[in-house]
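Peer 1: Fold the following and give me the result.
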Amino acid sequence: MSNNSDFSQGNIFSLILKFSIPAAASLLIAALYNIVDRIFVGNFSGNTALAALSICFPLSFLMIAFGLMCSAGGSTLFTLFRGKQEEKKANSAFSSAFILILIFELFLTIILLLFSDTFLTIFGVTETTYDLAMQYYKIVSFGCVFQGLTLVYCDFVRVCGKPITGMMVTGIGAITNIILDALFVAGFNWGVKGAALATVIGQIISALYGTYLLFGNKTLVKISRAIIKLDKNISIKIIKCGFAFWIAQIAMGFISLVYNSQLGKYGGDIAISVYAVIASIMTFVIMPASGISQGIQPLIGYNYSAGNGNRVKRIFWLGTVLSVAITTLIWGITELWPDMIIRMFGGEPKLLQIGVSALRMNFMIAPVLGFVMLATTFFQSIGKPAQSSIITLVRQVAALIPLIYILPYYFQMQGIFLAQPVSDFIATVLSIIFIIKEFKEIKEIEEIKEIEEIKEIEEIKEIEEIKELEERKELEEIKE
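Peer 2: Just a heads-up that it's a prediction; the model follows:
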């Protein structure tokens, strides 16, 4: 095993930075697909076009959901198997994740195209946004497979000890998307159609580069005909390990439907456009925290499976400090300069009027997300996805949805934007409870391990003492 892939050695903080920075950058780059589309469309095509993109926002969550489930689940198993020196199973984790993502995303593409009107109705499309939303929806639907493959490739390259190369998998597509957005939307004035084409072409470029890396044997994954098959047991484990990420994305997609419905009711298309801006900015809070979570995932998974409990805890707490520091910094920017941020997306007077206060309310306790994201990934990394799923479900569904409907009765439209911080607070408390319980269990295991090591040392000493006594006795007998 190379030094680059032995996570039981080396300075913890340096390792976290080595893996987290490229992972966070990779996720932010991936998020730019939607954000850049919105910036160009908002500035060059107007609020109605921006609202149309917001209507289609759940589509991206559906596409990413299956990708993250297979990438996070597969890469977690890959790391756990490598920690146990089971290289054959580690390679099977990739092949199973690869085949699963092709099956899921192809199926999703067919369903999306067959029932486009149904999905757009569910997404909350309005009469004024229908034509533009349909244009964007149909083109972006063809990118499902490429988006899913990109996520799988990125994660596997990263956990193979090449985080910067993993970042480049998504980066090359995002850069392509930005250039083509400028050309298609600003230059050719193709509006939402141009934004959609730029997105899909960028995804194709990323998928092609990832295919070259993984199937060209440029990573620790060893591809052969023998392993390119769907392993039933490993596939089930991939789905279980990545299920929390699938829930998170589906929940976020569902939440955007609820937001669109409620905001349409209380504020119309302009309020939906405000949500598009807030969701874009929230990405810059979530993605760095998610990146740090993904960065520490192979470190925690490897050390947990190797029995290094104290190192696991140090990795988690150092990662938490870094994550909370970054989310606090971004929170400060949103609180101090909300008007400047909103102007990036067009910033018409009505958008500013609603958006400034909404942005501040929605980000009220954003710093705690740094801890919540790490707690969620921590349990997924050690092969205990149930806790991750519970935290995610509470934050994104069980607490948030009722609050979106209840709070407007007391605070009107502002209540809709207050729902997220209240839900985040509840998820934080739950995360603290789960982490304390798990760390107590790790401590008990470490104490048992220390006792066993002491017993072993004592037994060795006893054996050595007996051996010495026997040798002395033999010497005395010889002398006699």
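
Peer 1: Please enumerate the helices of the stretch 301-450 of the chain.
Peer 2: Assigned helices in the stretch 301-450 of the chain, in chain order: 309-336, 338-343, 349-362, 369-381, 385-393, 400-406, 408-411, 413-479 (criterion: DSSP state H, counting those that start in this stretch).

Peer 1: Show me the helices in the stretch 101-250 of the chain, by range?
Peer 2: Here the stretch 101-250 of the chain has its helices, by DSSP H, counting those that start in this stretch, at 116-123, 130-141, 144-159, 163-181, 191-215, 232-305.

Peer 1: Throw these into a markdown table and include mean neighbour count, thanks.
Peer 2: (Glycine included, C-beta is placed from N, CA and C.) Below are those laid out as a markdown table (neighbours: other CB atoms under 10 Å):
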| stretch | mean neighbour count |
| --- | --- |
| helix 116-123 | 16 |
| helix 130-141 | 20 |
| helix 144-159 | 28 |
| helix 163-181 | 23 |
| helix 191-215 | 22 |
| helix 232-305 | 23 |
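
Peer 1: May I see the ones you listed organised as CSV, with distance to Leu62 added?
Peer 2: Conversion of the helices of the stretch 101-250 of the chain to CSV gives the following (distance: least, CB to CB, whole Å):
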stretch, distance to Leu62
helix 116-123, 9
helix 130-141, 10
helix 144-159, 8
helix 163-181, 18
helix 191-215, 14
helix 232-305, 6
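
Peer 1: Return the member of those helices having the minimum mean pLDDT.
Peer 2: If you rank the helices of the stretch 101-250 of the chain by mean pLDDT, helix 232-305 sits at the bottom with a mean of 83.

Peer 1: From Asn91, how far off is Ala226?
Peer 2: Between Ala226 and Asn91 the distance is 9 Å, computed by CB to CB, to the nearest Å.

Peer 1: And for Thr328?
Peer 2: In terms of CB to CB, Thr328 sits 40 Å off from Asn91.

Peer 1: Compare the two and say which is more crowded by neighbours.
Peer 2: Legend: neighbour count by other CB atoms under 10 Å for Thr328 and Asn91, higher for Asn91 (21 against 14).

Peer 1: Would you check that the more buried one makes contact with Thr219?
Peer 2: No. Contact criterion CB atoms under 8 Å: Asn91 and Thr219 do not qualify, at 10.6 Å.

Peer 1: returning to that earlier point: so which of the helices of the stretch 301-450 of the chain comes closest to Asn233?
Peer 2: helix 385-393 (15.8 Å; CB to CB).

Peer 1: Could you break the protein into its assigned domains?
Peer 2: Annotated domains of the chain cover 10-230, 244-443 [the TED database].

Peer 1: Redo those domains as JSON lines? Include distance to Lys461.
Peer 2: Formatted as JSON lines, the domains of the chain follow (distance: least, CB to CB, whole Å):
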{"stretch": "domain 10-230", "distance to Lys461": "31"}
{"stretch": "domain 244-443", "distance to Lys461": "24"}
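
Peer 1: Minimum distance to Lys449: which of these has it?
Peer 2: It's domain 244-443; of the domains of the chain, that one is closest to Lys449 (CB to CB) at 6.9 Å.

Peer 1: Enumerate every residue touching Val145.
Peer 2: Contacts for Val145 (CB atoms under 8 Å, 6 or more residues apart in numbering) come out as 101-102, 105-106, 109, 207.

Peer 1: Just the buried residues from these, in PyMOL please.
Peer 2: Here is the PyMOL selection string for the buried members of the contacts of Val145, based on 16 or more other CB atoms under 10 Å:
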select buried, resi 101+105+109+207
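
Peer 1: Nearest to Val157 among the contacts of Val145?
Peer 2: Closest to Val157, out of all of those and judged by CB to CB, is Ala207, at 12.7 Å.

Peer 1: ok, residues contacting stretch 202-215?
Peer 2: Stretch 202-215 is contacted by residues 33, 94, 98, 143, 145-147, 149-150, 152-154, 156-157, 165, 168-170, 172-177, 180, 218-219, 221, 223 when judged by CB under 8 Å, 6+ apart.
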